[in-house]
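Colleague: Fold the stuff below for me.
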Amino acid sequence: MARLNVNITEELNTRLDNLAERDGITKSELLRKAIALVELAVNEKYRGNKLAITDQEQHVLREIVGV
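Modeller: Below is the predicted model:
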């Protein structure tokens with residue numbers, strides 16, 4: 001597996017720590033999931049689709065833009 005070193009702010013590091021801890025995963029796994037989500041959003045954008053958060057009845061609560 002390749003290794004990558006990045007410089008991030010203390011605030012971003014704290015956010016990563018909190019999210020990883022809340023999900024019971026490592027920061028590396030959290031970043032892998034984040035990259036997969038961005039990849040999905042970008043691919044769908046080029047297909048003319050949108051990424052959204054919906055409730056159980058499929059009502060759009062938030063549309064994800066800027067990805």
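
Colleague: in the protein, which spans are strands?
Modeller: Assigned by DSSP state E, the strands in the chain fall at 51-54, 60-64.

Colleague: out of these, which comes closest to N5?
Modeller: strand 60-64 (28.5 Å; C-beta to C-beta). Where you see a C-beta, it was placed from the backbone N, CA and C, and this is true even at glycine.

Colleague: Give the other helices and strands that the closest one contacts.
Modeller: With contacts defined as 3 or more C-beta pairs under 8 Å, 6 or more residues apart in numbering; DSSP states H and E, strand 60-64 has these neighbours: strand 51-54.

Colleague: Quick one: mean pLDDT for the strand it packs on?
Modeller: Mean pLDDT, strand 51-54: 92.

Colleague: Against which helices or strands is that strand packed?
Modeller: Right, strand 51-54 is packed against helix 27-46, strand 60-64 by 3+ C-beta pairs under 8 Å, 6+ apart.

Colleague: So V60 sits against I53, correct?
Modeller: Yes - counting by C-beta atoms under 8 Å, V60 sits close enough to I53 to count as a contact (7.3 Å).

Colleague: Any figure for the gap between the closest residue to L51 other than its chain neighbours and T9?
Modeller: Using C-beta to C-beta, 6 or more residues apart in numbering and skipping residues adjacent in sequence, the residue nearest L51 is I64, 4.2 Å away. Per C-beta to C-beta, to the nearest Å, I64 is found 23 Å from T9.
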